[in-house]
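**Student:** A predicted structure for the sequence below; I have some questions about it.
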Amino acid sequence: MHKENLQSSAINFRSVARALTIVENDLTGADELLRNLSFTKNTPIIGITGPPGAGKSTLVNSLINLLLNDGKKIAVLAIDPTSLFNFGSLLGDRIRMASHFNHPDVFIRSLATRGSLGGLSAKTIEMTDVLRASGFDYVLIETVGVGQSEIEIAGLADTTLVILVPEGGDEIQHIKSGLMEIADAFIINKADRADADAFANNLQKIIGQKMGNQPPVFKTIASQAGGIAEVIDFIKSASNLKNERRELLMTEKAYKLIQQKLTQHIDKKKLQHEVAEALSHKSFNLYSFVDTYV
């Protein structure tokens, strides 16, 4: 696919979908397509992460609604977990975001994590860049929120929103997980629930103790669009600021892509069979086994 097919005032969703399929599946022409991507538009990448059940998809729906009111064109990449046991994935974006699936200005695509323990793969980076080069005004990345993915999103997004809920438990545990270092803003969703104000106040105090530049804390009720306008205003203001983490972000991207290039010859299913066979020998040593691949 030629790069001019990805860029036009009227985005051709079929061309975008075809380009994503080529890149995701490493089909013929994938490397050339990526090398020829041209980024003529400053499209912000908004990462949305947090624990399961925090209402990330509902929040994304509400964000899309308000952005559409401004006449914006929006792409959503929903990252779904891949089973470590059967390599399957539940790609549920069409269920979660059904209200926008057929909207002419909204493009939604699922991507399996492909067994990445952190939730993000090199394909996430490549497919995000395809969307960024396609002429959208905003690209929203929703992660599965499983452990390290909350941290890895910092290597991908220009602005990272961390979604929490009032009953999320000990706030100190959130700090220990590394969320503090990557959050540009915290969103306390389902803020109509008990203890939401106390949770937000405690979180703000902890942020103040840990950081100089304090990321804002928003309270939302995404199912009713409550507080979403304030989040949109923050996203717009953040998009106009110089990203002080650009070098870090690009380093993380480069590392992921290099890692993927170095291991792309390894078939994970075949590896599982070889591990199973090797385990039948009493002399099995994991490090010796790995050395046969390195």
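**Tutor:** On my side now, so go ahead.

**Student:** which helices and strands does the helix ranked longest in the chain pack with?
**Tutor:** Among the segments of the chain that qualify as a helix by DSSP state H, the longest is helix 246-263. Applying 3 or more Cβ pairs under 8 Å, 6 or more residues apart in numbering; DSSP states H and E, we find helix 246-263 packed against helix 122-132. (C-beta placed from N, C-alpha, C; glycine too.)

**Student:** counting contacts, what elements does the helix or strand following the helix it packs on pack onto?
**Tutor:** Note on helix 122-132: by DSSP states H and E, the next helix or strand toward the C-terminus is strand 138-142. Applying 3+ Cβ pairs under 8 Å, 6+ apart, one finds that strand 138-142 contacts strand 45-49, helix 56-69, strand 74-80, helix 122-132.

**Student:** mind saving the C-alpha coords of whatever helix or strand residue 276 lives in as CSV?
**Tutor:** Assigned by DSSP H and E, residue 276 falls within helix 268-279. This file holds the C-alpha atoms of helix 268-279, laid out as CSV (Å, rounded to 0.1, in the frame of the first residue of the first chain):
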residue,chain,number,x,y,z
LYS,A,268,6.0,-19.5,20.3
LYS,A,269,3.8,-22.5,19.8
LYS,A,270,6.8,-24.5,18.5
LEU,A,271,8.8,-23.3,21.5
GLN,A,272,6.1,-24.6,23.8
HIS,A,273,6.3,-28.0,22.2
GLU,A,274,10.1,-28.0,22.5
VAL,A,275,9.9,-27.0,26.1
ALA,A,276,7.4,-29.8,26.8
GLU,A,277,9.8,-32.3,25.2
ALA,A,278,12.8,-31.0,27.0
LEU,A,279,11.0,-31.2,30.3
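
**Student:** picking that back up, next, the buried residues of the longest helix of the chain.
**Tutor:** 249, 252-253, 256, 260 (16 or more other Cβ atoms under 10 Å).

**Student:** Tell me how far residue 51 lies from residue 143.
**Tutor:** Applying Cβ to Cβ, to the nearest Å, the value for residue 51 to residue 143 is 11 Å.

**Student:** more crowded one of these two?
**Tutor:** Remark: of residue 51 and residue 143, residue 143 carries more neighbours, 27 against 20, as counted by other Cβ atoms under 10 Å.

**Student:** I'd say that one and residue 49 touch.
**Tutor:** Yes. Applying Cβ atoms under 8 Å as the test, residue 143 and residue 49 come out as touching, 4.5 Å apart.

**Student:** Specify the local secondary structure of residue 27.
**Tutor:** coil (DSSP: H, G, I helix; E, B strand; the rest coil).

**Student:** hmm, I was thinking of residue 265
**Tutor:** coil.

**Student:** Could you find the lowest-pLDDT member of the buried residues of helix 246-263?
**Tutor:** On pLDDT alone, residue 249 ranks lowest of these, at 69.

**Student:** hang on, the earlier thing: looking at the buried residues of helix 246-263, which two lie furthest apart in space?
**Tutor:** Within the buried residues of helix 246-263, 249 and 260 form the most distant pair, 16.9 Å apart (Cβ to Cβ).

**Student:** burial count for residue 141?
**Tutor:** Residue 141: 25 surrounding residues under other Cβ under 10 Å.

**Student:** Now do it against residue 44, distance only.
**Tutor:** To residue 44, residue 141 is 11 Å away according to Cβ to Cβ.

**Student:** All set, thanks.
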